[in-house]
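Q: Fold the following and give me the result.
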Amino acid sequence: MARREEKLKNISYIRVPQDLKVSFGSFKVDPDVKLPVERKEGKKSLDEKDITMESIIAGMITVVAYDEKNPSYEYYKAFINAVEPRTAEELNKAAIAKEQAKDYDFAEELFLAVYHLMPQSASAINLATLYSYRSVEEEEKKKNEDEADRYLVLAKNTLLDALSKLGENEDILKEISSFEGFLGNLESALSYGERYMKVASEGKAKEEMKEYLKKVRDNIESDEYFKAAYDFIMLDEPDKALDEIGKFLEKNNQVWNGHFLKAWALRKKGEYSKAKESLLECIRLGESNSDIYNELSICELEEGDRELAKTYLDTAVDLDGENLTAVSNLAYLHLMDDEFDQARYFLERARSVAENDLLIKDLIEIYEEKTGDRIGSVIKEEVQEEKEEEIMEKEHKCCHRHGEGKEEGHCCHRHEEGHECSHDHEEGHCCHGEGKEGHECSHDHESGHCCHHE
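A: Modelled structure (predicted):
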């Protein structure tokens with residue numbers, strides 16, 4: 001945006017003599033239309049010697065790139081195409097060179113000019129691809145998610161604009177379908193892909209799209225299985241959940257969160273050994289997070305291995321010190337075992353995460369009753385480093401208090417108070433197939449945006 005404003009501010013407008021009669025083929029210069037002239041860098045005013053056909057064309061290119069609402073916009077486009085018929089072609093070459101050099105600001109200006117001068121599928125896709133690259137750069141290098149999202153919106157809007165101008169263009173439809181698949185919008189990807197199949201020419205591209213759409217349909221079906229399994233778990237119907245997640249895993253056996261959901265259902269059924277197998281499969285597949293180890297701790301505690309349960313829960317806290325479920329579980333366990341130094345340490349950590357959590361307040365009251373030690377309204381770290389090291393070497397277990405109005409297995413967190421089990425089983429836990437040929441719902445936004453450059 002800053003470049004757009006800067007470039008437009010660097011434009012001066014001149015009026016040609018009324019008696020000027022100049023034509024380029026069928027195009028005639030209109031003396032009533034002021035011509036934009038690009039001033040030389042650093043100059044605030046226009047010198048007569050700076051007025052050349054080159055500076056006029058440069059000024060028109062800037063206006064065409066950035067100012068579609070200019071009243072003389074179409075006139076400038078016609079002027080450029082009449083005077084320099086190969087302008088779009090030359091600008092496109094320059095834009096590609098700037099893109100490869102990662103001079104994205106300049107490349108964007110040139111691609112915009114090319115697309116506006118000559119709205120074609122290739123120019124639209126080139127511009128959309130550039131926006132995708134810029135999104136990756138903003139997210140991965142600059143860690144600016146808002147800008148990354150803005151560029152993704154620009155990429156999509158560019159393709160939709162081209163579709164509105166060009167009609168059911170097979171190249172644009174194919175690109176939008178891939179782009180929507182990349183974003184994880186599978187239903188939309190399928191819709192555009194089916195529109196493509198209706199207008200596409202026979203050949204390799206159409207066959208590739210046919211295979212791509214088959215995978216999209218499979219993923220949509222798998223998503224439905226996954227979501228259904230999650231819903232059944234929430235309804236406390238683990239048998240039905242296992243049926244659905246089994247269908248998911250038939251096609252997505254290498255997806256860790258499918259095995260995690262299976263473990264969750266098995267644990268709710270009380271089949272702790274089988275649940276542990278599924279949780280360990282998550283780890284084998286490369287995933288390591290606090291939720292997995294929290295679930296492992298529950299299973300081990302239920303099977304009587306209190307020490308291993310404490311070890312798993314300790315690992316959960318190491319992986320995510322702000323996982324309130326794991327931290328409060330440790331505080332509770334130490335409190336029930338009369339390990340008061342450790343209990344105090346984890347109570348302090350839990351309070352730092354959620355100061356007003358009702359469960360933590362209850363645990364603090366129990367701690368104070370048992371020890372006679374008062375904990376102030378602002379808990380401060382009082383565990384010395386050597387004592388903390390000793391604490392962290394000890395093992396912990398999960399507070400599995402049945403029959404007290406708390407979710408089985410996650411009893412340390414009162415769900416009604418808004419502190420769920422931090423399993424974060426959101427709809428869409430379904431980036432299954434990510435990385436496969438760049439067409440599944442690759443939410444990881446790998447650089448390159450493969451949907452644009454297959």
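Q: what does the model give N356 for pLDDT?
A: N356 is assigned a predicted lDDT (pLDDT) of 88.
Q: Tell me how many other residues crowd it.
A: 8 (other CB atoms under 10 Å). Glycine gets a C-beta too; all of them are placed from N, C-alpha and C.
Q: Repeat that for the one 5 residues further on.
A: Around K361 sit 12 other residues, with neighbours defined as other CB under 10 Å.
Q: S328 versus that one, what's the distance?
A: 11 Å (CB to CB, to the nearest Å).
Q: helices and strands around the helix or strand containing K227, which ones?
A: Here K227 sits within helix 204-234, counting by DSSP states H and E. Helices and strands touching helix 204-234, by 3 or more CB pairs under 8 Å, 6 or more residues apart in numbering; DSSP states H and E, are helix 170-183, helix 186-199, helix 238-251, helix 256-269.
Q: Quick check, Y133 in contact with D103.
A: No - shown here, Y133 and D103 do not form a contact pair, counting by CB atoms under 8 Å, at 11.7 Å.
Q: what about these two, which has more around it?
A: Between Y133 and D103, counted using other CB under 10 Å, Y133 has the larger neighbour count: 20 against 14.
Q: name the element the more buried one belongs to?
A: Counting by DSSP H and E, Y133 is part of helix 121-136.
Q: in that helix, what counts as buried?
A: 121, 123-136 (16 or more other CB atoms under 10 Å).
Q: closest to G203 among the residues you listed?
A: Closest to G203 out of these is S121 (15.8 Å), distances taken as CB to CB.
Q: Tell me the helix or strand right after the helix or strand E307 falls within.
A: Following DSSP H and E, one finds E307 within helix 306-319. Sequence order places helix 324-336 as the next helix or strand after helix 306-319, per DSSP H and E.
Q: Mind giving me the packing neighbours of the following helix or strand past that next one?
A: Counting by DSSP H and E, the next helix or strand C-terminal to helix 324-336 is helix 340-353. Judged by 3+ CB pairs under 8 Å, 6+ apart, the packing partners of helix 340-353 are helix 324-336, helix 358-371, helix 385-393.
Q: buried sites along the second one?
A: Right, helix 358-371. In helix 358-371, counting by 16+ other CB under 10 Å, buried: L359, I360, L363, I364, Y367.
Q: need the contact list for the nearest residue to L266 once chain neighbours are set aside.
A: Ranked by CB to CB, 6 or more residues apart in numbering and with sequence neighbours excluded, the top spatial neighbour of L266 is A275, at 3.9 Å. Contacts for A275 (CB atoms under 8 Å, 6 or more residues apart in numbering) come out as A263, W264, L266, R267, E295, C299.
Q: can you redo these as CSV with distance to E322 and neighbour count?
A: Output for those, formatted as CSV (distance: CB to CB, whole Å; neighbours: other CB atoms under 10 Å):
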residue, distance to E322, neighbour count
A263, 23, 26
W264, 21, 26
L266, 27, 24
R267, 23, 24
E295, 18, 28
C299, 23, 27
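Q: ok, and the closest non-adjacent residue to L183?
A: L152 (7.2 Å).
Q: Now do the contacts for that neighbour.
A: L152 neighbours (CB under 8 Å, 6+ apart): Y131, S132, S135, L183.
Q: per-residue pLDDT, the residue lying closest to D373 once chain neighbours are set aside?
A: Among residues not flanking D373 along the chain, Y367 sits closest, at 7.3 Å (CB to CB, 6+ apart). You'll see Y367 listed with a pLDDT of 93.
Q: I'd like the distance between Y367 and R351.
A: 11 Å.
Q: And for I125?
A: Where R351 is concerned, I125 sits at a distance of 54 Å (CB to CB).
Q: Phi first, then psi, for the closest residue to E145 other than its chain neighbours.
A: Using CB to CB, 6+ apart and skipping the chain neighbours, the partner closest in space to E145 is E139 (6.2 Å). Torsion angles at E139 (phi, psi; degrees, to the nearest 10) stand at phi -80, psi -50.
Q: What's the local residue count around E139?
A: Neighbours around E139, by other CB under 10 Å: 19.
Q: go on, the one 3 residues further on?
A: Around K142 there are 10 other residues, counting by other CB under 10 Å.
Q: do the same with the one 5 residues further on
A: Residues near E147, counting by other CB under 10 Å, number 15.
Q: Could you list the buried residues of the host helix or strand of it?
A: Remark: E147 resides in helix 145-166, with elements defined by DSSP H and E. For helix 145-166, the neighbour count (16+ other CB under 10 Å) marks 148, 150-152, 154-156, 158-159, 161-163, 166 as buried.
Q: swap in stretch 181-188?
A: For stretch 181-188, by 16+ other CB under 10 Å, it's G181, F182, L183, G184, N185, L186, S188.
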